[in-house]
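S.K.: Okay, predicted coordinates and the sequence, questions at the end:
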Amino acid sequence: MTLSPPADSKLVPRLGIKLDNISKRYGDHVVLDDVSLHVEPGTVTALIGPSGAGKSTFLRCINLLERPDAGTIRVAGHTIEPGKAVNGRDLAALRSTVGMVFQSFNLFPHMTALKNVSFPQQRVLGRSKEEADARSMQLLERVGLKEKAGQHPGRCSGGQQQRIAIARALALDPSIMLFDEPTSALDPEVGLEVLSVMRELAADGMTMVVVTHEMQFARDVSDTLVVMADCKIIEQGDPKAIMSDPAEARTRRFLRAVLER
Amino acid sequence: MSWLTAWAGYLPQMMSGLGVSLMIAAVSIVAGYPLGLVLSLMVRAKNLAARTLGLALVEVGRGAPALVILYLFYYGLPKFGIAFESITAACLALIWNAAAYSSEIIRAGIQSVPRGQLEASNALGLSQRDTFFRITMPQGMRSAIPGLMGVAIQMFQGTSLAYGIAVPELMKTAYNIGSQDFNYLQIFTLAGLCYAVISMPATWITVFFEKRMARHA
């Protein structure tokens, strides 16, 4: 079972992410202070840290849902200098290679599950309806929700909605997937369904950046653990090493708080 | 019993008046709501001229009583060589009224679409056009429907203002009948019932839609 793009897309070189010196502030309030992160293609990076650390904002800089004030973004072969004007075509090209999954799912409530997954393929990739629907059904089946194709999101549980959202993102054959606390709005049991889909995706070699509070997922699945606090990356490296013996006192404090839960 | 026989006698005339009222309401809604959509877009526009014009039309349309606008169209504009028939003037004034009120409801509906919807659409790489017409609008209009239905009922009742410029609608018809035998109580009660017969079921339908939407929210 494979969740990654169809075989022919393996010809496309797999590309990583290089974010350098990213800074972002809202008025006087600094959110990201000169943060740099490199993600190798085919790896999973887990972004953890206390709330307000800037994790989500940083993640959202990768596909420019947030526009940083300074820094350089190199994603899947596209380079964007946020300080300068970004033209719409570059932005669309970047976004088409980066899939994103949100904490609140953000499925389109007025469309069926199938339409949610097919509509972007038709409009962004120019696929025919038949082509798009075929691909959608394939992906819905793989996330275990083929029977929900004709249902509207309101008729699906949170876990099902999130898996449909993952299918929707994968349908555009992204080379990178971003996850913004994908299980935070779900109860633990339902969260597991979503995590298992993400595990499969990681096993298939998808490049993933995951903002999460799921420490077990971060330890077992991620190749790199990145700890953010106070608008900076304070520590990064092998997840098991950091979790068993963090170098920073701030990391230690955070991990103790989460693991004691 | 005598009231009922009297009413039966008035009914044919009253029905023709009601027909005129319904026609004016239909015209002001059918033309006013699309205009309201345009106004709601103008009010949100980046272009300063479009925004100012949009705001002016909405604020005057909502700020001035419909009767004042009606009089301005019918009695005021001929001063500039623009003269309308009374029914045209009534329709134009009420179209403006409907557009101004509906634009605010549509704007609120569009603003009620969660930010996450736009973010998802942007993250998927959908164009601004698709985002607006395929994601924002369908959801915004859906939540605007009960409000728009409410305004439609008000528009129907507001057609009675056309009485002020002698349009032969329901109210004017009732007045004419009443002035023949001075039985105003009888005829205006019938007029009130005629308005209610349309408005009340319409209100029930609106409430039904509101409940349905709340359930699917």
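M.R.: Everything's here; your move. Numbers count the residues shown, from 1 in each chain, chains lettered A, B, ... in the order given.
S.K.: Is the residue of the stretch 151-261 of chain A found nearest chain B part of a helix or strand, or is it coil?
M.R.: Using CB to the nearest CB, the closest approach of the stretch 151-261 of chain A to chain B is made by residue A:154 at 5.8 Å. Where you see a C-beta, it was placed from the backbone N, CA and C, and this is true even at glycine. Per DSSP: H, G, I helix; E, B strand; the rest coil, the secondary structure class of residue A:154 is helix.
S.K.: just checking, it touches residue A:107?
M.R.: No. Counting by CB atoms under 8 Å, residue A:154 sits too far from residue A:107 to count as a contact (9.2 Å).
S.K.: higher neighbour count, the two?
M.R.: residue A:107 (26 against 12; other CB atoms under 10 Å in any protein chain shown).
S.K.: Tell me the secondary structure at the more buried one.
M.R.: Strictly by three-state DSSP, residue A:107 counts as coil.
S.K.: Quick check: it vs residue B:143, distance?
M.R.: According to CB to CB, to the nearest Å, residue A:107 and residue B:143 sit 17 Å apart.
S.K.: and what of residue B:75?
M.R.: 39 Å.
S.K.: The two: which is more packed in?
M.R.: Neighbours per residue, other CB under 10 Å: of residue B:75 and residue B:143, the larger number sits with residue B:143, 18 against 13.
S.K.: Is that one in a helix, a strand, or coil?
M.R.: The three-state assignment at residue B:143 reads helix, by three-state DSSP.
S.K.: contacting residues around it?
M.R.: Contacts for residue B:143 (CB atoms under 8 Å, 6 or more residues apart in numbering or on different chains) come out as B:109, B:112, B:113, B:213.
S.K.: which among those end up buried?
M.R.: B:109, B:113 (16 or more other CB atoms under 10 Å in any protein chain shown).
S.K.: In CSV: the contacts of residue B:143, plus pLDDT and distance to chain A.
M.R.: Formatted as CSV, the contacts of residue B:143 follow (pLDDT from 0 to 100; distance: CB to the nearest CB, whole Å):
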residue, pLDDT, distance to chain A
B:109, 94, 13
B:112, 93, 12
B:113, 95, 10
B:213, 74, 11
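S.K.: now for the contacts of residue B:143, which pair is the farthest apart?
M.R.: Using CB to CB, the pair of the contacts of residue B:143 lying farthest apart is B:113 and B:213, separated by 13.5 Å.
S.K.: Name the residues of stretch B:76-86 that are buried.
M.R.: Those buried within stretch B:76-86 under the rule 16+ other CB under 10 Å are B:84, B:86.
S.K.: Give me the distance from the longest helix along chain B to the chain's centre.
M.R.: The longest helix of chain B (DSSP state H) is helix B:2-43. Relative to the chain's own centre, helix B:2-43 is displaced by 10 Å; criterion: CA atoms, centre = their mean, to the nearest Å.
S.K.: how much does the next helix or strand after that helix deviate in direction from helix B:2-43?
M.R.: Of the helices and strands lying after helix B:2-43 in sequence (DSSP states H and E), the nearest is helix B:48-63. With axes from the mean of the first three to the mean of the last three CA atoms, to 10 degrees defining the directions, helix B:48-63 sits at 160 degrees from helix B:2-43.
S.K.: ok, residue B:31 - how many residues close by?
M.R.: Close neighbours of residue B:31, defined as other CB under 10 Å, add up to 17.
S.K.: cool, residue A:134 as well?
M.R.: By the criterion of other CB under 10 Å, residue A:134 has 13 neighbours.
S.K.: what's the answer for residue A:84, then?
M.R.: Residue A:84: 7 neighbours (other CB under 10 Å).
S.K.: hang on, it in a helix?
M.R.: No. Under the criterion used here (three-state DSSP), residue A:84 is coil, not part of a helix.
S.K.: near chain B, which residues of chain A?
M.R.: Contact residues, chain A versus chain B (CB under 8 Å from any CB of the partner chain): A:63, A:65, A:92, A:95-96, A:98-100, A:102, A:104, A:106-110, A:119-120, A:123-124, A:154, A:165, A:168-169, A:172.
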